[in-house]
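**Student:** how would this look folded up:
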Amino acid sequence: MDLYDKLDALVKKAEELDELGDELAKVDGNKNPIQERCISQAALQLADEFE
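**Tutor:** Below you'll find the predicted structure:
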């Protein structure tokens with residue numbers, strides 16, 4: 001994997017993380033705590049992969 005492929009993969013992960021953050025901001029935790037928890041977990045896993 002060359003440098004450009006690695007950079008492309010990082011950009012895609014960053015975009016996915018940004019999208020998850022947007023989804024999490026839309027969720028009202030008081031009304032749907034399960035959905036909030038699932039999105040939070042997905043964001044944390046993606047952040048770990050991003051590192």
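**Student:** quick one, what contacts residue 13?
**Tutor:** Shown in contact with residue 13 (CB atoms under 8 Å, 6 or more residues apart in numbering): 46, 49-50. Any C-beta I mention is one placed from the backbone N, CA and C, and that applies to glycine too.
**Student:** which of the three states applies to it?
**Tutor:** helix (DSSP: H, G, I helix; E, B strand; the rest coil).
**Student:** what about the residue nearest the centre of the chain, which helix or strand?
**Tutor:** Central residue of the chain (CA atoms, centre = their mean): residue 17, 2.8 Å from the mean position. According to DSSP states H and E, residue 17 maps onto helix 3-26.
**Student:** hmm, who's touching the helix or strand just after that helix?
**Tutor:** Once the chain leaves helix 3-26, the next helix or strand it forms, by DSSP H and E, is helix 33-50. Contacting residues not belonging to helix 33-50 are listed as 10, 13-14, 16-17, 20-21, 23-24, 27-29 [CB under 8 Å, 6+ apart].
**Student:** just the buried subset of those, please.
**Tutor:** Buried residues within the contacts of helix 33-50, defined by neighbour count using 16 or more other CB atoms under 10 Å: 17, 20, 24, 27.
**Student:** related to what we said a few turns ago, mind checking how far the residue nearest to the centre of the chain is from residue 35?
**Tutor:** Noted for residue 17: a distance of 18 Å to residue 35, by CB to CB, to the nearest Å.
**Student:** for residue 27, same thing?
**Tutor:** For residue 27, the distance to residue 35 - CB to CB - is 5 Å.
**Student:** got it, and residue 4?
**Tutor:** Look at residue 4 and residue 35: by CB to CB, they are 36 Å apart.
**Student:** comparing those two, which residue is more hemmed in?
**Tutor:** Using other CB atoms under 10 Å, the more surrounded residue of residue 4 and residue 35 is residue 35, with 15 against 8.
**Student:** neighbours of the nearest residue to residue 27 once chain neighbours are set aside, just the number please.
**Tutor:** Closest residue to residue 27 apart from its sequence neighbours, by CB to CB, 6 or more residues apart in numbering: residue 36 at 4.7 Å. Neighbouring residues of residue 36 were enumerated by other CB under 10 Å; the total is 17.
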